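Participant: sequence and predicted structure, then a few things I'm wondering about:
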Amino acid sequence: MTLTSALRIATGSLAGNSQQISTLSKNIAGIGNPNYIRRESVVTSGIGGSQQIATTRYINQSVFRASLSSSSRAELQRVISNGIEQLSILQDVDGFSSSPTALIGDLEEALQLASSAPGDPSALTSLVETARTVAMSINSAYEQIMQLRQSADASANQSVININSLLSQIKTVNNEVVTGSKVGNEALDSLDTRDELLRRLSDEIGISVNYRENNDIVILTENGLMLFETQPRNVEFVAQPIYGPATVGNPLRIDGVVASGATSPMPITSGQIAGYLELRDDILLEQQHQLDEIARGLIELFSEYDRTAGGSKPALAGLFTWSGGPGLPASATLEPGIAQSLMVNPLADPFQNGDPNLIRDGGLNGDPDYLANLTGASGYSELLFDLSARFDQTAAFDLQGGLPTSVSLKTYAASSLDGLQAKRQTAASSLDYQIALSQRYMTTLQNESGPNIDYEMSRLLEVERAYQATAKVIAAVDEMFVTLLNAVRV
Amino acid sequence: MRTGFVSTYAMNATMRSQIMRNQVELQKTQIEISSGKKANIGIELGPLTSQLLSVKNQIQLITRIQTTSSFTTNRISTMQSGMGTLVASGQNFVDQLTAELNGNLDRSLLAQIGNSALKNFEGVLNVTFKGEHVFSGINSDVSAFTEYTAGGGSAPSTAVRNAFVTEFGFLPEDPAAASITPDNLEAFITGAYADLFNDANWQALWSGGSNRGMKSKISTSEIVEIPVTANAQAFRDMASATVLIAELSSSALNPSSIDKLAEMAATRMMEGIADMGAEQSKLGVIEERVRTSTERMDYQVTVLGNQVSALEDVDLYQAATRLSQISIILEASYSVTSRIQRLSLMNYI
């Protein structure tokens, strides 16, 4: 061993120390970044006391992948839960006072008042007013449902735009990683960026990531449709600008395969976009159908029939009518858009030159065969009693509403509310669970891969001491050289 | 080798999210304590939400029925007091006529008795409650007794006079009327005159009332009909008694026939009074039914109200305990956070 070699080792050590300090300072800078993955300097000793410093990135891949899929599911739940919440808020003003169930209750009450004073025009007018409020609430709830469907469609479209842009960014970064790996230079910062992009992609759509040689990745949707393999695949969606009663939303296509809706061979199951499509095609559509059925039920309930013996004229619209009135919509058959055109019959509406007394007497449409109060007595209340009894009578509803089909209108409206609130309850609790789970994964991942300031500081002290010691060695060697050279001169 | 490693970010983030969660809970508890009701009914009740609404609807409906069945009660008591008045004044009418019998008949006094009894009868039968003629049954916009002016001044009076002319061949004021014997008069009163008060003529001439009484709902399942209208026999008897005196007292009948007239009118009135008691008791039965059903509904409202509070109310004691528990946890979190934030290797370097 010579003094020169001691000096060379010390110089090498200084270089190693400064490289470690640069890694440590990077880690310290990443303290506040939740996505930062800690670098670790690994020191290996070579022949003749030389040092090699390798920097590695410390990430637990299995936890990373689990955290991706749990965040996709949490995003799905978040979208669904928000959608149901918005839908419920429409009704849940002041204890659900504008839900169809409460509105039907108001109608029953107004009928009771009218039947107790059938000769009093103000009681019948107030029945018409209540009916107007009911029709208008149902109209506006229906329009809001269609707006919500439209906005779910627009959000799905935005999500598709995000997915495509993320996939093209991933392509660039992935190329850097692969090229770096091939030449043996791990592009650590590009890996960070790629992980970050994957995380953002998994918020939009559930993905599964597979790793190949040279750190290359292949991205599939959770159910196996190809999203990225060397090149991003096409994710296509055509937004519908306007939603009407019969509008059917377009499906999502991934790599040419239909990935949403009943006809899809492989429907996507998680991520925001799956949530938006489920809202648009299932939850909101079902509510829309139920509202249509409730509106149709109301028109049917207040309808009037031919009262002559053996009379066979068709039943006609009564207090409530629709765009296809005065004929009734087909029984037990969904009539899309009827909740939008539901209105108080102008023939009974005093503000449209109608006569509210016709609700008491029957024969609203001017045909005497439908008249119930034959003598025109002003105290006649039989028809009003008959109408209020119909609220509890079984009617037939369309299967598409997703509710029992042979129940009273009152029960039908109640089941509709219960169905939605049950979904709301489930969505809220499963959202809580998914968020907690996803946070748990994030915490685990951060604990495994994130920097700890105390750890980094103590490492810093260590390196600082090593640097001081090395400097001491250089100074000592230098002094020894001086001593040696002085001795030689003498 | 790595032993348990903690990321600084994760440590702070966990603390933050824990505090956040507690604050959300705190806000919810605050709302519950200040309103006494669950903070978010739909989420808490889920598929039971409509139960709450239907119970509330039922309470609303029952309260409404209680209000409207009080209309029925008022209608009935208006009728009852009117009928009470008719019985009392009918009794008075009979007393006055009986006093006038025995030959000392003053015709002008008799006419006065008749007219005042008639006005009284008219007033009672045409009484209205909230604009409805209570004695007219379902024809509530028509008066129950057409205005009567003796001497042919109104349609019913003309009909009576025409019947008289048909029977005897001259008007009651004609001096020839003095020749009518008490037996002739009795035949007229029980024959042609009585026919004027049969079902068809009563409705055509005297009254716009209907045979069918007003119906009203007195509970969610019970509908009652007010069983008395002006078409009842009692009213017709009273009308025929008073009209007899009012129309014929100023006629040219001889004194013994006038005696017969007064006697028959008193008999009719007495029959009317007797029948009226039966009608009053019919009304009383309905009045009692309304009263018991209102009482039953009071009880129902109480029971349903309990159901509502079981569904939507929070246990205030429990909520208050929860609030103080959350505050303690929050305070602990704050102090732990600040301690941990102070804890750093930096302070020792």
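Facilitator: Here it is on my side, so go on.
Participant: next one: phi and psi at residue A:42?
Facilitator: Torsion angles at residue A:42 (phi, psi; degrees, to the nearest 10) stand at phi -110, psi 120.
Participant: now residue A:119
Facilitator: phi -90, psi -10.
Participant: pLDDT below threshold where in the stretch 1-150 of chain B?
Facilitator: Residues of the stretch 1-150 of chain B meeting the criterion pLDDT under 70: B:1-3, B:102-104.
Participant: what ranges do the strands span in it?
Facilitator: With DSSP state E, counting those that start in this stretch applied, the stretch 1-150 of chain B shows strands at B:128-129, B:132-133, listed in chain order.
Participant: can you list the strands that the last one pairs with?
Facilitator: Here the strand partners of strand B:132-133, with direction, are listed using DSSP bridges: strand B:128-129 (antiparallel).
Participant: contact residues of the stretch 151-300 of chain B facing chain A?
Facilitator: For the stretch 151-300 of chain B, the residues in contact with chain A (CB under 8 Å from any CB of the partner chain) are B:210, B:212, B:214, B:215, B:216, B:217, B:223. Backbone N, C-alpha and C define where each C-beta goes, glycine included.
Participant: recalculate using a threshold of 7 Å.
Facilitator: Residues of the stretch 151-300 of chain B lying close to chain A by CB under 7 Å from any CB of the partner chain are B:210, B:214, B:215, B:216, B:217, B:223.
Participant: nearest residue to the fifth one in space, please, no chain neighbours.
Facilitator: On the basis of CB to CB, 6 or more residues apart in numbering or on different chains, the spatially nearest residue to residue B:217 that is not a chain neighbour turns out to be residue B:223, at 5.3 Å.
Participant: got the contact list for that neighbour?
Facilitator: A:385, B:215, B:217 (CB atoms under 7 Å, 6 or more residues apart in numbering or on different chains).
Participant: nearest to residue A:300 among those?
Facilitator: residue A:385 (18.2 Å; CB to CB).
Participant: quick check: the closest one vs chain B, distance?
Facilitator: The gap separating residue A:385 from chain B is 6 Å, by CB to the nearest CB, to the nearest Å.
Participant: doesn't residue A:219 belong to a strand?
Facilitator: Yes. Checked against DSSP: H, G, I helix; E, B strand; the rest coil, residue A:219 lies within a strand.
Participant: tally of neighbours for the residue of the stretch 301-450 of chain A found nearest chain B?
Facilitator: The nearest approach of the stretch 301-450 of chain A to chain B comes at residue A:450, 2.9 Å away (CB to the nearest CB). By other CB atoms under 10 Å in any protein chain shown, the residues close to residue A:450 number 27.
Participant: show me the residues of the stretch 151-300 of chain B next to chain A that map onto helices.
Facilitator: Using DSSP state H, the subset of these located in helices is empty.
Participant: show me which of these are buried.
Facilitator: Buried by 16 or more other CB atoms under 10 Å in any protein chain shown: B:210, B:214, B:215, B:216, B:217, out of these.
Participant: any chance of CSV for those residues, columns pLDDT and distance to residue B:181?
Facilitator: Shown next, in CSV, are those (pLDDT from 0 to 100; distance: CB to CB, whole Å):
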residue, pLDDT, distance to residue B:181
B:210, 89, 40
B:214, 89, 47
B:215, 89, 50
B:216, 88, 52
B:217, 88, 57
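Participant: turn the residues you listed into JSON lines, including distance to residue B:279.
Facilitator: Shown next, in JSON lines, are those (distance: CB to CB, whole Å):
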{"residue": "B:210", "distance to residue B:279": "16"}
{"residue": "B:214", "distance to residue B:279": "15"}
{"residue": "B:215", "distance to residue B:279": "18"}
{"residue": "B:216", "distance to residue B:279": "19"}
{"residue": "B:217", "distance to residue B:279": "23"}
